[in-house]
Structure formats: structure tokens, C-alpha cells
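Trainee: here's a sequence, model it:
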Amino acid sequence: MSELTRILDLKAQAQIELKQAQEKIKALEFVEKMLRDAEHTSNVVEIQPSIYKKLKQEVAVRDVLTRAGKALTASEIADALRCGGFQFTSKDLANSLYATMKKNAKGLYFCEKKGNRTVFGLARKLEVNIAN
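Mentor: Residues are numbered from 1 along each chain as shown. The predicted model follows:
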């Protein structure tokens, strides 16, 4: 019976160690995602925290595209808006931006395919004036 007890103890210990390892992996994956997101956003355009906090979406998007100086994907624009503290209600900001910019009701943006990515840019130079 002592061998069975020993086996059960080893099994219980292995399960504890396995759970701890899974928790470590989960934490590392979370940090990895944060680092990738931060790296991805900072490569696109540098945005000051809270700069878009009180702005309307159209003004904030135009500012992001102006600062970037190039066409960006909806996800890249959404990341920049988040970094700038933009207050949004959509659960999927990138999807919402994509739909709005694709519709382009005011003719503010151009849309083009670059490989498998759809990018958006300013259709014409507009003066974007936001208070810092």
C-alpha cells in the first residue's frame, strides 16, 4: 500500500508542477503579446498618451494618418488611437474603423490593397489642429 501512496503523492506533485508551468506559460504569452503590441504600434506612429481623449473619431484618425505620413491599416490606426487615449464604444475598434473608412462618406480617405493588407490614407492634405 505504501507504493500506491507514493505513486499517488508523485502524481499529485506532478499535477501541481504542471499547473504552475501552465500558469507561467500563460503569463509569458501575455507579456509577449504586450511587447509585440507595443513594438508594433511604436513602429507605426508615436502618439502621446491622452492626446485623443476628448477628440471626435474623424479628427483623431486624421491626426494619426498625418503623423504617420503614410497609409495605415485599420488595426494600426486603432492601436494608435488606443495609445492616445481615444474613448471608443465599439468592441472591435479596428473593424469599426475599417467599415467607416471603407464607406468614406466624406471623401476624406483613400483605400488600397498592399499585398493581403488594406491600408487607408488621407485623400487630401487637411489641416489637423489639436490642442496638446
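Trainee: outline the domain layout of this structure.
Mentor: The chain breaks down by automatic domain parsing into domains covering 1-44, 47-122.
Trainee: deepest in the core, which of those domains is it.
Mentor: Each of those was assessed for mean neighbour count using mean count of other CB atoms under 10 Å. The highest is domain 47-122, with a mean of 17. The C-beta positions use only the backbone N, C-alpha and C, and glycine is treated the same way.
Trainee: confidence-wise, which of the domains of the chain is weakest overall?
Mentor: Within those, the stretch with the lowest mean pLDDT is domain 1-44, showing a mean of 84.
Trainee: how near is Val64 to Glu3?
Mentor: From Val64 across to Glu3, the span is 67 Å (CB to CB, to the nearest Å).
Trainee: got it, and Thr89?
Mentor: Here the distance between Thr89 and Glu3 works out to 62 Å (CB to CB).
Trainee: swap in Lys70?
Mentor: Summarising the geometry, the distance separating Lys70 from Glu3, computed by CB to CB, is 69 Å.
Trainee: likewise for Ser50?
Mentor: From Ser50 to Glu3 the distance is 64 Å (CB to CB).
Trainee: do Met34 as well
Mentor: Using CB to CB, one obtains 47 Å as the distance from Met34 to Glu3.
Trainee: could you do Gly69 as well?
Mentor: Taking CB to CB as the measure, Gly69 and Glu3 are separated by 71 Å.
Trainee: for Ile77, same thing?
Mentor: Between Ile77 and Glu3 the distance, using CB to CB, works out to 64 Å.
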